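Student: Here is my input, please return the structure:
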Amino acid sequence: MATSFHEVRFPLRVSLSSSGGPVRRTDIVNLSSGRESRNQRWANSRRKYDAGSGIKSLADLYSVVAFFEARGGELYGFRFRDPLDNTSTSPGKAISATDQTLGTGDGVTQSFQLIKTYGDSAAAYSRTIAKPVEGSVLVSVNGVTLSSDLYSLDTTTGIVTLKDGHVPATGAVVAAGFSFDVPVRFDTDTIEINLEAFNAGRIPSIPLKEILP
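Tutor: Presented below is the predicted three-dimensional model:
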């Protein structure tokens, strides 16, 4: 991702009014008995968005066109702020250092990947968070929030590394809270613009697709 990704964010004003969300791929076979056989083709969900619904003015449209040109269309990935799901907790709640459990210490491991877990009593899904927002991450060990000088964060991969002398002891729960962006790319090499239609209320489609870590 490093050589084909620009660490810049899609215009925030447009992204916050865009549409989209997670997509999964399931194969369903209808059996002769009338029952179904279902198979999960993708282990992870993949998000898709349409930023066209976020364009409210010609200024918005121009900013997206400029951004599209700078990314070379589909060539380079970039950061995108999901309007609904962009923190370690649910919308409206303050981020806390204990929001998401990253792992359990073994006395040796220093690095932990940021994740966000979605689930209920039936099942849970852990999503890798590779693009945390700088300055938003809080880390805790056994419920105690760590000073930011006790660990480092790679904002391009989402990996937290505790410094020497502060390696979590065996059984210690490592957790974090954060806000994050989604790594995406344009899902088209063409943006068609009709200014007459746009002024009349038609909004161009600007499809985006998540880049999985």
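Student: Spell out, range by range, the helices that occur in the chain.
Tutor: 12-15, 58-71, 195-199 (DSSP state H).
Student: list the helices and strands the first one packs on?
Tutor: Contacts of helix 12-15 with other secondary structure elements, assessed using 3 or more CB pairs under 8 Å, 6 or more residues apart in numbering; DSSP states H and E, are made with helix 58-71. Where C-beta positions appear, they are placed from N, C-alpha and C, glycine not excepted.
Student: For the helix it packs on, which helices and strands make contact with it?
Tutor: On a contact count with 3+ CB pairs under 8 Å, 6+ apart, helix 58-71 meets helix 12-15, strand 77-80, strand 182-186, helix 195-199.
Student: what about these, which gets the closest to S63?
Tutor: helix 12-15 (7.1 Å; CB to CB).
Student: quick one: buried residues of that closest one?
Tutor: 14-15 (16 or more other CB atoms under 10 Å).
Student: Give me the contacts around that helix.
Tutor: The contact list for helix 12-15 (CB atoms under 8 Å, 6 or more residues apart in numbering) reads 9, 49, 51, 54-55, 60, 63-64, 80-83.
Student: of the residues you listed, buried ones?
Tutor: With burial judged by 16+ other CB under 10 Å, the buried subset of those is 49, 51, 54-55, 60, 63-64, 80-83.
Student: Including pLDDT and distance to V184, could these go into JSON lines?
Tutor: Converted to JSON lines, those look like this (pLDDT from 0 to 100; distance: CB to CB, whole Å):
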{"residue": "Y49", "pLDDT": "97", "distance to V184": "7"}
{"residue": "A51", "pLDDT": "93", "distance to V184": "10"}
{"residue": "G54", "pLDDT": "87", "distance to V184": "14"}
{"residue": "I55", "pLDDT": "86", "distance to V184": "17"}
{"residue": "D60", "pLDDT": "88", "distance to V184": "18"}
{"residue": "S63", "pLDDT": "92", "distance to V184": "16"}
{"residue": "V64", "pLDDT": "93", "distance to V184": "13"}
{"residue": "F80", "pLDDT": "98", "distance to V184": "4"}
{"residue": "R81", "pLDDT": "98", "distance to V184": "10"}
{"residue": "D82", "pLDDT": "97", "distance to V184": "9"}
{"residue": "P83", "pLDDT": "95", "distance to V184": "13"}
